[in-house]
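Visitor: make a model of this:
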Amino acid sequence: MGLAQSPAFPSQQSFLLADNGDIPLEPLPRENLPGVDSSQWFWTEVPLQAVSQDKPNYLALWSDSEFFLSSSSSPILAGRKQKSGGKASG
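Guide: Numbers count the residues shown, from 1 in each chain. Okay, here's the model as predicted:
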């Protein structure tokens with residue numbers, strides 16, 4: 001996971017969120033796949049000085065696994081945008 005105040009993510013702004021094997025796969029209708037599980041939250045601590053209080057914060061998630069090439073073999077990641085005033089919409 002990368003966290004920065006611009007859409008560029010230097011290595012010192014990268015943090016391990018989860019190992020690829022710990023992320024459950026998304027189930028397919030009418031198919032039983034090994035490794036499919038329920039939704040999960042993943043958390044990691046980042047230094048407070050990495051988060052800006054006065055600039056936008058950009059977050060990037062990626063995997064170096066060649067297995068995550070399509071929706072049938074990859075986890076589904078989601079997020080949501082904050083409303084102005086700092087409260088999450090939803």
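
Visitor: number of nearby residues for A4?
Guide: By other CB atoms under 10 Å, 19 other residues sit near A4. Placement of C-beta: from N, CA and C, glycine included.

Visitor: in contact with it, which residues?
Guide: Contact analysis of A4 by CB atoms under 8 Å, 6 or more residues apart in numbering lists 10, 13, 57-58.

Visitor: mind doing that once more with 6 Å?
Guide: 13, 58 (CB atoms under 6 Å, 6 or more residues apart in numbering).

Visitor: who's it bridged to?
Guide: Beta-bridge pairing of A4 under DSSP bridges involves Y58.

Visitor: now do it, the pLDDT please.
Guide: Per-residue pLDDT puts A4 at 91.

Visitor: go on, A50?
Guide: Confidence score, pLDDT, at A50: 89.

Visitor: now swap in G21 and tell me
Guide: Reading off the model, G21 has pLDDT 75.

Visitor: what's the answer for S71, then?
Guide: S71 is given a pLDDT of 66.

Visitor: what are the boundaries of the strands in the chain?
Guide: Per DSSP state E, the chain carries strands over the ranges 2-4, 58-60.

Visitor: and those as TSV, adding distance to I23?
Guide: Shown next, in TSV, are these (distance: least, CB to CB, whole Å):
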stretch	distance to I23
strand 2-4	17
strand 58-60	16
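
Visitor: what's the most buried one of the ones you listed?
Guide: strand 2-4 (a mean of 18; mean count of other CB atoms under 10 Å).

Visitor: residue contacts, the residue nearest to S14 when sequence neighbours are not counted?
Guide: Spatially, and ignoring its direct neighbours in sequence, S14 is nearest to G2 (5.1 Å; CB to CB, 6 or more residues apart in numbering). Taking CB under 6 Å, 6+ apart, we find G2 in contact with 9, 13-14, 60.

Visitor: wait, which of the residues you listed is closest to Q53?
Guide: When the contacts of G2 are compared for distance to Q53 (CB to CB), Q13 wins out at 16.3 Å.

Visitor: what about that closest one, how many neighbours?
Guide: For Q13, the neighbour count with other CB under 10 Å is 18.
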